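Undergrad: only geometry, no sequence info:
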């Protein structure tokens, strides 16, 4: 097994990084507010960047068969999630994918639900698209976030929620949701006709014996109404490369998503 360097912290000041922007003004500021890690990028990643640079022309590209297969293989081998390549949609980022899903599957004024606290762009994407933001608050018990399922069902029903934007694993709480929790969420979405958008970008960063469970592996039924969002950016600390993907196994939902994606030139 190759030994990787997770101890050397390169100087990032003066590189126009969002994480260290305030620290460039005030060196007493601790830059710890964004999911951007400060260890060296893996040598395989650096070599790939160098190899690409040696092409000498950096024109428009399309997804290669090897790229598609790499995603399929990763999801299968790392998370036990198997799907057809036609279900895979590439996009520049998970947050843009959330906005596109909101636009594709709801109308202005429709209700979109999130659990709070959660990554701020969830709420921002809903509100800037003129949708009704429904917040279902997580409950902290013994240092662990829990879902109040009685309140969740009430929120879904009373507000006629169209889309539920879910975070699995949870950001910022760090909660890796168990299969039983996901099963309950899925059944409620089925019952109330809710489309689930599952942000799984942190799926590879689970520790202490926790195991990520992709939403579509819980039940075959869930594939009819669920979009899985993910990316290599958090796993390999390459957020600046803007590479993400959406898995949409329902062809009708995939067509609507791609139509809106094209309209937005994403």
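TA: Everything's here; your move. Keep in mind it's a predicted model, so treat the numbers as computed, not measured.
Undergrad: Would you state the strands of the stretch 101-250 of the chain in chain order?
TA: 111-116, 132-137, 139-141, 144-146, 161-167, 195-199, 226-231, 244-248 (DSSP state E, counting those that start in this stretch).
Undergrad: List the contacts of residue 188.
TA: Residues near residue 188 by Cβ atoms under 8 Å, 6 or more residues apart in numbering: 149, 152-153, 156, 194. All C-beta spots, glycine's among them, are computed from the backbone N, C-alpha and C.
Undergrad: Could I have the buried ones of those residues as ChimeraX selection syntax?
TA: Filtering the contacts of residue 188 down to the buried ones (16 or more other Cβ atoms under 10 Å) takes a single ChimeraX command:
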select :152,153,156,194
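Undergrad: Quick one: mark the members of the contacts of residue 188 that sit in helices.
TA: Counting by DSSP state H, those place 149, 152-153, 156 in helices.
Undergrad: ok, of these, which one's closest to residue 47?
TA: residue 152 (46.2 Å; Cβ to Cβ).
Undergrad: In terms of pLDDT, where does residue 130 sit?
TA: pLDDT for residue 130: 98.
Undergrad: How about residue 30?
TA: For residue 30, pLDDT reads 87.
Undergrad: Over to residue 9?
TA: Looking at residue 9, its pLDDT is 85.
Undergrad: what about it, is that helix, strand or coil?
TA: coil (DSSP: H, G, I helix; E, B strand; the rest coil).
Undergrad: For it, what are phi and psi?
TA: phi -110, psi 100 (degrees, to the nearest 10).
Undergrad: what number of residues lie near it?
TA: Residue 9 has 10 neighbours, counted by other Cβ atoms under 10 Å.
Undergrad: hang on, the earlier thing: looking at the strands of the stretch 101-250 of the chain, spot the one closest to residue 215.
TA: The nearest among those, by Cβ to Cβ, is strand 195-199 at 4.3 Å.
Undergrad: Mind giving me the packing neighbours of that closest one?
TA: helix 94-105, strand 161-167, helix 179-192, strand 226-231 (3 or more Cβ pairs under 8 Å, 6 or more residues apart in numbering; DSSP states H and E).
Undergrad: Which single one of the contacts of residue 188 is nearest to residue 51?
TA: Closest to residue 51, out of all of those and judged by Cβ to Cβ, is residue 194, at 44.1 Å.
Undergrad: hang on, that closest one packs against residue 165?
TA: No - if you go by Cβ atoms under 8 Å, residue 194 and residue 165 don't touch, sitting 10.6 Å apart.
Undergrad: Residues that sit against both of the two, list them.
TA: With Cβ under 8 Å, 6+ apart, residue 194 and residue 165 have common neighbours residue 113.
Undergrad: Residues in a beta bridge with the residue sitting nearest the centre point of the chain, which ones?
TA: Nearest residue to the geometric centre of the chain (Cα atoms, centre = their mean): residue 199, 3.2 Å. For residue 199, the beta-bridge partners are residue 167, residue 229 (DSSP bridges).
Undergrad: Okay, it and residue 251: tell me how far apart.
TA: 22 Å (Cβ to Cβ, to the nearest Å).
Undergrad: quick one on the thing from earlier: deepest-packed of the helices and strands packed on strand 195-199, please.
TA: Stretch with highest mean neighbour count among the helices and strands packed on strand 195-199: strand 226-231 (a mean of 27; mean count of other Cβ atoms under 10 Å).
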